[in-house]
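J.: Got a predicted structure plus its sequence, pasted below:
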Amino acid sequence: KAGVTQTPRYLIKTRGQQVTLSCSPISGHRSVSWYQQTPGQGLQFLFEYFSETQRNKGNFPGRFSGRQFSNSRSEMNVSTLELGDSALYLCASSFTDLSSYNEQFFGPGTRLTVL
Amino acid sequence: AQSVAQPEDQVNVAEGNPLTVKCTYSVSGNPYLFWYVQYPNRGLQFLLKYITGDNLVKGSYGFEAEFNKSQTSFHLKKPSALVSDSALYFCAVRDVYSSASKIIFGSGTRLSIRP
């Protein structure tokens, strides 16, 4: 069974631009969560989507948004990029939503650099 | 509110010696607890989880963790460390009875195993 895939793996953008990251979960998984990982802030929860509905959202500004499609693939969008948005963005999928005890399976991440 | 703490930023152990990576948590109800490992330039990989039952949980790569309810801890252990265990380790918790489907990750502990 293929793992979680994220595209692109690396991205360089300039301030003010917007970016869209993509995540394909493990086949059969309906929950997709997004995390931002930085050396200073660690791993921070962005949001979770389950069956095309946003189930929960972390403490990030409205510039960060996402969606999930009927095939469970998910996209995350960041508008008006700031230097502080430079981070590793991780996607994780799970068979059920985060209210269960099922573990998450993480993709390799997208390394975003904002210049 | 739920929280998780990893009090050590770094743990250094000689190969062949036992290792412990510490984790303490705070939830209002009962916890689901997880350990994940992250190798360089990779996403997180699931190691083990505690749901209920036996306090000693066995996981991947010879790791185990002991759930201690009175001390609200879930320390990760391995009897004999390998150089290949060198990585970043994350503890995570979610409150079983919380209506918010969110998992909180600790700040991570870098484990370094010297030959």
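T.: Sure thing, it's come through. Owing to the predicted nature of the structure, the values given are computational and were not obtained by experimental measurement. Numbers count the residues shown, from 1 in each chain, chains lettered A, B, ... in the order given.
J.: Closest residue of chain B to chain A?
T.: Nearest to chain A, among the residues of chain B, is residue B:43, at 3.4 Å (CB to the nearest CB). (Each C-beta comes from the backbone N, C-alpha and C, glycine too.)
J.: quick one: that residue and residue A:35, what's the gap?
T.: Applying CB to CB, to the nearest Å, the value for residue B:43 to residue A:35 is 9 Å.
J.: so where does residue 65 fall, helix or strand?
T.: Since no chain was named, I'll use chain A. In this structure, residue A:65 sits in strand A:64-68 according to DSSP states H and E.
J.: sorry, should have said chain B
T.: strand B:64-68.
J.: in that strand, what's buried?
T.: B:64, B:65, B:66, B:67 (16 or more other CB atoms under 10 Å in any protein chain shown).
J.: if we can go back for a sec, list the residues that contact the residue of chain B closest to chain A.
T.: When contacts are counted by CB atoms under 8 Å, 6 or more residues apart in numbering or on different chains, residue B:43 touches A:4, A:90, A:92, A:106, A:107, A:108, A:109.
J.: Ok, residue B:95 next?
T.: With CB under 8 Å, 6+ apart, residue B:95 has these contacts: B:2, B:27, B:28, B:29, B:30, B:31, B:32.
J.: Let me know whether the fifth one touches residue B:94 as I believe.
T.: No - taking CB atoms under 8 Å as the contact criterion, residue B:30 and residue B:94 are not neighbours in contact, 10.1 Å apart.
J.: Between these two, which is the more surrounded one?
T.: Applying other CB atoms under 10 Å in any protein chain shown to residue B:30 and residue B:94 shows that residue B:94 carries more neighbours, namely 23 against 12.
J.: same for the worst-scoring helix or strand of chain B on mean pLDDT, what does it pack against?
T.: The least trusted helix or strand in chain B, going by mean pLDDT, DSSP states H and E, turns out to be strand B:104-105, with a mean of 90. On a contact count with 3 or more CB pairs under 8 Å, 6 or more residues apart in numbering or on different chains; DSSP states H and E, strand B:104-105 meets strand A:42-50, strand B:3-5, strand B:87-95.
J.: so what strands line up beside it?
T.: Strand B:104-105 pairs in its sheet with strand B:87-95 (antiparallel), by DSSP bridges.
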